[in-house]
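Trainee: Need the 3D shape of this:
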Amino acid sequence: MFYIGIDIGSTASKVVVLNDTKDTILYKDVMSSGWNSKETGRTIIKNLTDLGYSHDQSQITATGYGRISVDFADKVITEITAHGKGAHFLGSSDATVIDIGGQDTKIIIQDEKRVIDFLMNDKCSAGTGKFLEVMANRLGLDLEEFFEYAKKGKEITLSSTCTVFAESEVISLMGKGTKREDIASGIINSIITKVSKLALRKNPSDCYFLTGGFSNNEYVMNALSDKLNAEVLSHPDGRFAGAIGAALL
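Mentor: Model prediction:
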């Protein structure tokens, strides 16, 4: 028996296959979610079948933004539960989990292997991965280039909390001739400030565990650590936390 977790995110979709004792990752993959979650799910199951992980030998659980579209799943669970469980599997212990997703940011508080509380941001708030992607495109940069520019820039403040208005503010800065490095730094600071404020609205922790697409980004981890005045940890498989948690459950 294989245990398969499928996390259909708004930007990227992740899949993880665990062995029959649920203690070893046999396979993992990530792909763009594209425009249709159902088609993405079908592509995932075809790939899994081709690799020998057929549905009749597996238990499949779906989570994420497009989880309802995975119509072949045996079970569907929320992202909160999945990320909490997956983070614990990756060594978060009782650390507060931060997941900066494509459409929202989640703060997940754990205690003894279970989620006891959580908080999510307003979906219009500019503290999400999609906001960063939009801003990077506006500056004519891919994400890797964006972070390199941000490292060299001087921090400026963006006042807007909505993606649409923040983009207009960035366009205005570009029109004034503000350096791309400084705009990139300001955008990152805007995201980190909003995420840290959200995290501190719950019981402040002395240790946080980052999951999601930025979980291996040292720049984001260090910036969050400074804002939270606490240690921020992660794992090489941090972006797969939701899929891992789904497979475990």
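Trainee: State the distance from the residue most central in space within the chain to residue 136.
Mentor: The residue lying closest to the centre of the chain (C-alpha atoms, centre = their mean) is residue 212, at 2.5 Å. Remark: distance between residue 212 and residue 136 (C-beta to C-beta, to the nearest Å) = 17 Å. C-beta coordinates here come from the backbone N, C-alpha and C atoms, glycine included.
Trainee: for stretch 90-101, which positions count as buried?
Mentor: Neighbour-count burial for stretch 90-101, counted by 16 or more other C-beta atoms under 10 Å, picks out 90, 92, 95-101.
Trainee: by contact count, what packs against the lowest-mean-pLDDT helix or strand in the chain?
Mentor: Every helix and strand in the chain was compared by mean pLDDT, DSSP states H and E; the lowest is helix 163-175, with a mean of 79. Packing partners of helix 163-175 (3 or more C-beta pairs under 8 Å, 6 or more residues apart in numbering; DSSP states H and E): helix 129-138, helix 180-201.
Trainee: Now tabulate the ones you listed in a markdown table and tack on mean neighbour count and distance to residue 154.
Mentor: Below are those laid out as a markdown table (neighbours: other C-beta atoms under 10 Å; distance: least, C-beta to C-beta, whole Å):
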| stretch | mean neighbour count | distance to residue 154 |
| --- | --- | --- |
| helix 129-138 | 19 | 17 |
| helix 180-201 | 21 | 5 |
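Trainee: mean pLDDT lowest for which of the ones you listed?
Mentor: Mean pLDDT per stretch puts helix 129-138 lowest among the helices and strands packed on helix 163-175, at a mean of 83.
Trainee: Contacts for that helix, please.
Mentor: The contact list for helix 129-138, computed with C-beta atoms under 8 Å, 6 or more residues apart in numbering, reads 10-11, 100-103, 142-143, 145-146, 163, 166-167, 170-171, 174, 184, 187-188, 191, 212-214.
Trainee: do stretch 187-195 as well
Mentor: 98, 100, 105, 121, 125-128, 131-132, 135, 147, 150, 155-158, 161, 166, 170, 219-220, 223-224, 227.
Trainee: would you list the helices and strands packed on helix 163-175 in TSV and tack on distance to residue 52?
Mentor: Output for the helices and strands packed on helix 163-175, formatted as TSV (distance: least, C-beta to C-beta, whole Å):
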stretch	distance to residue 52
helix 129-138	32
helix 180-201	40
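Trainee: Minimum distance to residue 243: which of these has it?
Mentor: Judged by C-beta to C-beta, the one of these that comes nearest to residue 243 is helix 129-138, at 16.3 Å.
Trainee: Could you check the angle that closest one makes with helix 180-201?
Mentor: Counting by axes from the mean of the first three to the mean of the last three C-alpha atoms, to 10 degrees, helix 129-138 lies at 170 degrees to helix 180-201.
Trainee: Skip ahead from helix 129-138 and say which helix or strand is next.
Mentor: helix 143-152 (DSSP states H and E).
Trainee: And residue 241, how far from residue 71?
Mentor: 24 Å.
Trainee: right, and the helices and strands packed on helix 163-175 - which one's nearest residue 15?
Mentor: helix 129-138 (18.7 Å).
Trainee: pLDDT score for the residue located most distally from the centre of the chain?
Mentor: No residue in the chain sits farther from the centre than residue 176, which is 32.9 Å out by C-alpha atoms, centre = their mean. As predicted, residue 176 sits at a pLDDT of 86.
Trainee: ok, now residue 18?
Mentor: So, for residue 18, pLDDT stands at 98.
Trainee: Who does it form a beta bridge with?
Mentor: residue 3, residue 25 (DSSP bridges).
Trainee: Report how many residues lie close to it.
Mentor: The tally of other residues near residue 18 (other C-beta atoms under 10 Å) stands at 25.
Trainee: Now do it against residue 139, distance only.
Mentor: 40 Å.
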